[in-house]
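Participant: next comes the sequence, and after it the predicted model I'd like to discuss.
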Amino acid sequence: MGVSVAMLKAVIKYAQKKNIRIIEAYPAIPTKDKLPDAFAWIGLYRSFEQAGFRVVDRTSKNRPMVRYYTDTK
């Protein structure tokens, strides 16, 4: 349905208006068909990727560090 991506894009616009230069998150990459709810509330990597976030660290296999740099838009 795209709700997560739309919300992330709204966060990006808000951050740009407030001159926030970097947004950082640690979304989940599901390794099983069913993801426990406790992990889903932080967001799924695919939504962040679709909103334009890029991986900056893969120390954790299932929870990469992603960032969006607002000053490049």
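Facilitator: Yes, it's here.
Participant: use CA for all of it now, contacts and neighbours both
Facilitator: Noted.
Participant: check which residues of the helix-or-strand element of the chain with minimal mean pLDDT are buried.
Facilitator: None of the helices or strands of the chain scores lower by mean pLDDT, DSSP states H and E than helix 37-40, at a mean of 72. By neighbour count on 16 or more other CA atoms under 10 Å, the buried set for helix 37-40 is empty.
Participant: do the same with stretch 30-45
Facilitator: 30, 43, 44, 45.
Participant: contacts for that stretch, please.
Facilitator: Contact with stretch 30-45 is made by 4, 26, 27, 28, 29, 62, as judged by CA atoms under 8 Å, 6 or more residues apart in numbering.
Participant: now for the fifth one, how many residues are close by?
Facilitator: Okay, so that is residue 29. 17 (other CA atoms under 10 Å).
Participant: same check, this time on the second one
Facilitator: The local packing count at residue 26 equals 19, with neighbours defined by other CA under 10 Å.
Participant: wait, doesn't it sit right on residue 65?
Facilitator: Yes: with contact defined as CA atoms under 8 Å, residue 26 counts as touching residue 65 (4.8 Å).
Participant: coming back round to it: kindly reformat the buried residues of stretch 30-45 as JSON lines and extend each row with secondary structure, pLDDT and distance to residue 56.
Facilitator: Below are the buried residues of stretch 30-45 laid out as JSON lines (DSSP: H, G, I helix; E, B strand; the rest coil; pLDDT from 0 to 100; distance: CA to CA, whole Å):
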{"residue": "30", "secondary structure": "coil", "pLDDT": "84", "distance to residue 56": "19"}
{"residue": "43", "secondary structure": "coil", "pLDDT": "90", "distance to residue 56": "17"}
{"residue": "44", "secondary structure": "strand", "pLDDT": "91", "distance to residue 56": "16"}
{"residue": "45", "secondary structure": "helix", "pLDDT": "94", "distance to residue 56": "13"}
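Participant: widest-spaced pair of those?
Facilitator: Among the buried residues of stretch 30-45, the pair separated by the greatest distance (CA to CA) is 30 and 43, at 10.5 Å.
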